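In: sharing a sequence plus its predicted fold:
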Amino acid sequence: MSVLDDIVAGVRADLAEREAALPLADVRAALADVDPPRDPMPHLRAPGSSVIAEVKRRSPSKGDLADIPDPAVLAKEYAAGGAAAISVLTEQRRFGGSLADLRAVRAAVDVPVLRKDFIVSSYQLVEARAAGADLALLIVAALSGDELRRLHDEARELGLTVLVEVHDEAETERAVELGAELVGVNARNLKTLEIHADTFGRLAPLVPDDRVKVAESGIFSRSDVERFVGEGARAVLVGEALVKDGDPQGAVRAMTGAGA
Ligand SMILES: O=P(O)(O)OC[C@@H](O)[C@@H](O)c1c[nH]c2ccccc12
C-alpha cells in the first residue's frame, strides 16, 4: 500500500464518521449562511508571480513542522505579506489540520482560501464550501477518471475554484482534458514522498498556457520561485519554508519578489 493509499484510507474512515454524525443534507443546508466564494483567478492571472501560502503543522515526510496554535494569526501574516491565497491543510491524521482551522482562516483574511485535503467524495466538497473554502484541491493520483470528472463538476457547481494536482505525464493529460483552469504540479510524489525538483519543468510544457500553472512543494527561496516562473509557473504553493520562518509575513513578501 502506498503512502497515498494509506492516507486516503484514513481520510475515508474519518469521513464515514462525520457523515454518520451529520448527513449531507444538513451540511448542504449550511450553504445558505456562508459567504459567497472569492475568485482567486484574477489575482493568479495578473502579471507577476503569486504565492499561495500554506498553513501546515506537520506532514508524513517531515514530521512536526510548526505548532501553529492560532492559524488565523499566521494567515493574517501571510495576507499582509501579499499572499494571493491561503492553503489550509484540513487532513487531521497525518497533517494535523481541521476544518476549524479553515473556518478560522477564512474569517481572518480577505484573500481566497483553499481546502487542502484528500478529497474523494462530494460530501467533502460541500463541507469545504460550508466552512467557507473558495478553492478545493483535487489530487488526480487519488481519483479514477469518473471520480475526478464528477468531483470537478460538483466543485464548480458549488462555486469552488478547483486546483487540480498532478505529478506525472498521464495525470497531466487527464487534468488538461478535464479543462482544469488551475493546474498544480506537485514535485513530491505522494506515493513515495520523494521530491523531484525537475517535475514542474518536465510537465509544464504539457499544460496549455491559457491555464494557470502552480509549482508545488520543496520551494524555499525567491530563486526557487524565479526558476519555476521561468518554466511557466504563475504561482507557487509553499508550506514548510513559511511555517518554519520566524517572520512569515517577510518570508511571503520575499518570495513574491516584492521584498528586499
Ligand atoms: O511544505 P512544502 O514542501 O512547501 O509543500 C507545500 C505543498 O505543496 C504540500 O503541502 C502539498 C502539495 N500537495 C499536497 C497534497 C496533499 C498534502 C500536501 C500537499
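Out: Thanks, I have it. Numbers count the residues shown, from 1 in each chain.
In: burial of the residue in the stretch 151-260 of the chain that the ligand sits nearest to, as a residue count?
Out: Relative to the ligand, the nearest point of the stretch 151-260 of the chain is residue 239 (2.8 Å; CB to the nearest ligand atom). Bear in mind the C-beta positions are built from the backbone N, C-alpha and C, glycine included. Neighbouring residues of residue 239 were enumerated by other CB atoms under 10 Å; the total is 25.
In: give the contact list for it.
Out: Shown in contact with residue 239 (CB atoms under 8 Å, 6 or more residues apart in numbering): 54-56, 59, 65, 87, 89, 217.
In: how close does residue 222 sit to residue 106?
Out: 28 Å (CB to CB, to the nearest Å).
In: looking at those two, which is more packed in?
Out: residue 106 (24 against 19).
In: can you confirm that one is in a helix?
Out: Yes: the assignment for residue 106 is a helix, going by DSSP: H, G, I helix; E, B strand; the rest coil.
In: element containing the residue lying closest to it once chain neighbours are set aside?
Out: Nearest non-adjacent residue to residue 106, counting by CB to CB, 6 or more residues apart in numbering: residue 132, 3.4 Å away. Under the criterion DSSP states H and E, no helix or strand holds residue 132.
In: burial check on residue 132, number of neighbours?
Out: 20.
In: that one touches residue 102, doesn't it?
Out: Yes: using CB atoms under 8 Å, residue 132 is in contact with residue 102, at 6.6 Å.
In: so which of the contacts of residue 239 also contact the ligand?
Out: Checking these against the ligand by CB under 6 Å from any ligand atom, the ones in range are 54, 56, 217.
In: in three-state terms, label the residue of the stretch 1-150 of the chain found nearest the ligand for me.
Out: Nearest to the ligand, among the residues of the stretch 1-150 of the chain, is residue 54, at 5.1 Å (CB to the nearest ligand atom). Here residue 54 is recorded as strand under three-state DSSP.
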